[in-house]
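>>> Only the shape, not the letters, is given here:
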């Protein structure tokens, strides 16, 4: 059984850890609220972009013939070059957040074809580098506090690779926050675009009245890069929200566990202290009896 000094040292260590986990919980909560606010402020713009693209596609004569909708059916599945943007975290202590994303990415890597990873987040890059997986080493972007500029730079790179046919498909693997306690790792295809992926034009919106000059195709050339940028930005923010929420839950669980350990240690400390006091009293009484016997003689 540990003595009182050892128990006190351990209790102090746990209390110091509790201060860290509590602070991390508060920071994650603050970051989550800010990220949610940013996402809510930008969603209407990109929702409108989706409506515009859906309306333009509905008015294009002779079907969709556009470079960003080209599925390149002449290329066999085993020969297709697929790029995966994988959104992980820069830091750990976020429960299963990173594990779920990496596991999903690994599943796609195991499929046939030429797969290339574009990893966001230091933890994901470190993991795949240790596994000797082919990772674009120039693709080094932080995932902390997502910005539109960062999303635009990433989108420009992926659009350029697709246009130069260095990639036949572009996917993004990120984490979507289903609700306050459930985060889901999922994948979405960014390129080539699929017409069925766009929402229908709501009733009351007349796109016929909007001139599309010089041609609808030229309008799409301008709108689609913004749409891809918006989707990437939304994925970054969703992932950042999920990371902060996962960290909040992990830190809350760690704090509760620390409190439970402290409670048990406090009980053990009281028992050890009581045993020590009892031992001292016994020794005092034994000493007093010994002195009394000595005087009696």
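That came through, no problem. Predicted, not measured: the structure shown is a model, and the values here were computed from it. Numbers count the residues shown, from 1 in each chain.
>>> so how far is the first residue of stretch 105-125 from its last?
Stretch 105-125 has an end-to-end distance of 12 Å (criterion: Cα to Cα, to the nearest Å).
>>> what's in contact with that stretch?
Outside stretch 105-125, the residues that touch it by Cβ atoms under 8 Å, 6 or more residues apart in numbering are 77-92, 98, 101-102, 128, 133-136, 139-143, 154, 157-158, 167, 171, 173, 187, 236. Yep, even glycine has a C-beta here, placed from its N, CA and C like the rest.
>>> Recalculate using a threshold of 7 Å.
77-78, 80-90, 92, 98, 102, 128, 133-136, 139, 141, 143, 173 (Cβ atoms under 7 Å, 6 or more residues apart in numbering).
>>> The lengthiest helix in the chain - contacts with which helices or strands?
Counting residues, the longest helix found in the chain (DSSP state H) is helix 216-296. Packing partners of helix 216-296 (3 or more Cβ pairs under 7 Å, 6 or more residues apart in numbering; DSSP states H and E): helix 4-59, strand 81-87, helix 97-109, helix 148-163, strand 169-177, strand 183-191.
>>> what's the offset of the first one from the middle of its chain?
Looking back up the chat, that one is helix 4-59. Relative to its chain's centre, helix 4-59 lies at 9 Å (Cα atoms, centre = their mean, to the nearest Å).
>>> which helices and strands does that helix pack with?
Applying 3+ Cβ pairs under 7 Å, 6+ apart, one finds that helix 4-59 makes contact with helix 216-296.
>>> Might one say that residue 152 is in contact with residue 229?
Yes - using Cβ atoms under 7 Å, residue 152 is in contact with residue 229, at 4.8 Å.
>>> So for the two, which sits in the more crowded spot?
Using other Cβ atoms under 10 Å as the criterion, residue 152 and residue 229 rank with residue 229 on top: 23 against 17.
>>> Could you report the neighbour count for the residue lying closest to the more buried one once chain neighbours are set aside?
Closest residue in space to residue 229, ignoring its immediate chain neighbours: residue 155 at 4.2 Å, by Cβ to Cβ, 6 or more residues apart in numbering. Neighbour count for residue 155, taken as other Cβ under 10 Å: 24.
>>> could you check the distance from residue 155 over to residue 272?
63 Å (Cβ to Cβ, to the nearest Å).
>>> Residue 109 now?
According to Cβ to Cβ, residue 109 and residue 272 sit 54 Å apart.
>>> where does the stretch 1-150 of the chain dip in pLDDT?
For the stretch 1-150 of the chain, the stretches flagged by pLDDT under 70 are 1-2, 58-64.
>>> List the contacts of residue 17.
Contact partners of residue 17, counting by Cβ under 7 Å, 6+ apart, are residue 258.
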